[in-house]
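Asker: Coordinates for the following, if possible.
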Amino acid sequence: MKVLIISHMYPSKYNETIGIFVHEQVRALMSKGVGVRVVSPIPWIPFPIRYIRRRWRMMAQIPNQTVWEGVQVWYPRYVTFPRSWFLASSGKRMYWGIKNLVERLQKEFQFDLIPAHVALPDGYAGALLARKLGVPLVVTIHGQDLQYTVYRCARCRHALGFTFGYASRVIVVSTKLKRLAEEHFGCSDKIVVIPNGVDPAKVLQPNPKRPRNYPAGTQILLSVSNLIQTKGIDLNLRAIQRLCKKYPALQYKIVGAGPLEMELKKLAVTLGVSNNVEFIGPLPHFHVMERMAECDIFVLPSWKEGFGVVYLEAMASGKPVIGCKGQGIEDVIEHGKTGLLVEPRDVDSLVEALDFLLSHPDEAKAMGERARNLVLENYTWEKNAEKTIAVYREVLDER
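Answerer: Residues are numbered from 1 along each chain as shown. As a prediction, this is how the structure comes out:
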């Protein structure tokens with residue numbers, strides 16, 4: 001079996017962590033004998049605009065083609081607009097930007113199937129290509145399409161509907177997304193839930209060793225996320241304020257960056273918890289996993305989460321995790337056994353959960369061990385690849 005994966009989210013020399021979950025799945029598929037090529041469209045940044053900002057200049061320097069950890073990846077350019085303006089037509093623009101490349105790859109590689117990650121723009125472009133080339137399309141939804149894009153405008157909704165309607169299968173990463181897909185577009189007969197996974201080889205053993213200069217009894221909380229409103233980092237800061245008197249050695253580490261970074265730093269100062277909080281910034285994946293191994297509790301009260309691989313990574317690291325009820329990770333976390341689920345946007349519920357874990361370290365440790373066993377047995381990229389290949393085979397058998 002040969003597949004051509006379309007995903008604008010994929011690691012590159014510009015950003016080594018974006019779309020890492022797509023890359024991990026690709027590696028697992030290849031280990032199972034699937035032939036894979038990846039087309040990762042990126043914005044066309046013309047001269048002299050590319051020199052206005054450093055990140056635009058770095059993106060413009062991404063090569064047209066490379067081999068990323070054994071995976072052949074192409075980075076064709078297509079026309080985009082700032083702040084996702086004209087998003088509804090982005091699939092068509094992506095199609096015209098990658099059409100010639102994909103036609104050439106079909107002659108060289110003769111792929112059987114096009115899997116696309118996200119419906120708009122990738123899935124829409126994939127649908128146009130699949131129709132033109134006479135191969136089936138499978139679309140994987142990670143959350144953005146059904147939690148944001150569908151509400152953006154009528155034209156975006158129509159574009160999503162076209163993609164969902166054309167695809168032979170729609171893979172979603174959680175039952176939450178399955179429910180939303182059925183509500184918005186029906187097509188329940190073609191929707192399949194396949195959760196994301198972790199790579200056990202990249203998970204470190206739990207490490208209670210503390211960084212230097214931390215006093216005995218220090219308890220470390222950790223979040224890893226983009227610093228945007230829906231991740232609930234502000235809720236964590238407010239919870240820390242209420243808990244730090246009872247737990248004066250409490251330390252909260254935040255890995256990640258985003259548009260709310262300065263606002264969140266100001267909030268920490270306003271709440272009087274800046275000495276208990278460290279904004280670490282973005283880290284390479286290996287160093288993120290080191291932080292996972294060192295923390296006591298992973299807490300991310302994200303209230304708009306399609307799934308969240310980062311929860312799995314924390315659980316696989318043997319840590320008790322706190323997520324929100326009604327979100328994608330609810331498929332994995334059994335409340336009170338393999339983690340805790342709190343009410344969305346509810347500081348009281350968050351404080352109660354943190355207080356329980358901080359005051360019951362033995363139970364918190366046991367919870368983390370149960371979570372680790374659960375994830376390493378059931379939520380690996382190998383398991384994900386096996387289920388995904390089964391879907392691909394079903395689609396090809398139906399032709």
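
Asker: use CA for all of it now, contacts and neighbours both
Answerer: Fine.

Asker: for residue 280, helix, strand, or coil?
Answerer: Taken by DSSP: H, G, I helix; E, B strand; the rest coil, the conformation at residue 280 corresponds to strand.

Asker: count of neighbours near it?
Answerer: If you count neighbours by other Cα atoms under 10 Å, residue 280 ends up with 12.

Asker: First-to-last residue distance for stretch 291-302?
Answerer: 19 Å (Cα to Cα, to the nearest Å).

Asker: how far does it sit from the chain's center?
Answerer: 16 Å (Cα atoms, centre = their mean, to the nearest Å).

Asker: Kindly report the same for stretch 166-173.
Answerer: Using Cα atoms, centre = their mean, the offset of stretch 166-173 from its chain centre is 18 Å.

Asker: same check, this time on stretch 34-50
Answerer: 20 Å.

Asker: for stretch 32-52, same thing?
Answerer: Stretch 32-52 sits 19 Å away from the centroid of its parent chain (Cα atoms, centre = their mean).

Asker: Could you list the buried residues of the helix or strand containing residue 94?
Answerer: Residue 94 is part of helix 90-109, with elements assigned from DSSP states H and E. Residues of helix 90-109 classed as buried by neighbour count (16 or more other Cα atoms under 10 Å): 90, 91, 92, 93, 94, 95, 96, 97, 98, 99, 102, 109.

Asker: Stretch 379-386 now?
Answerer: Across stretch 379-386, burial judged by 16+ other Cα under 10 Å covers 379, 380, 381, 382, 383, 384, 385.

Asker: With stretch 174-186 instead?
Answerer: Residues of stretch 174-186 classed as buried: 174, 175, 176, 177, 178, 181, 186 (neighbour count, 16+ other Cα under 10 Å).

Asker: Which pair in the residues you listed has the greatest spatial separation?
Answerer: 174 and 186 (16.2 Å; Cα to Cα).

Asker: before we move on, back to that, just the buried residues of stretch 379-386: which are in helices?
Answerer: Counted as lying in helices by DSSP state H, out of those, are 381, 382, 383, 384, 385.

Asker: Tell me the pLDDT of the second one.
Answerer: Put plainly, it is residue 382. Turning to residue 382, the model gives it a pLDDT of 97.

Asker: Apart from its neighbours in sequence, what residue is nearest it?
Answerer: Among residues not flanking residue 382 along the chain, residue 28 sits closest, at 5.6 Å (Cα to Cα, 6 or more residues apart in numbering).

Asker: do the third one as well
Answerer: Nearest-residue entry for residue 383: residue 197, 7.6 Å, with adjacent residues in sequence omitted and distances by Cα to Cα, 6+ apart.
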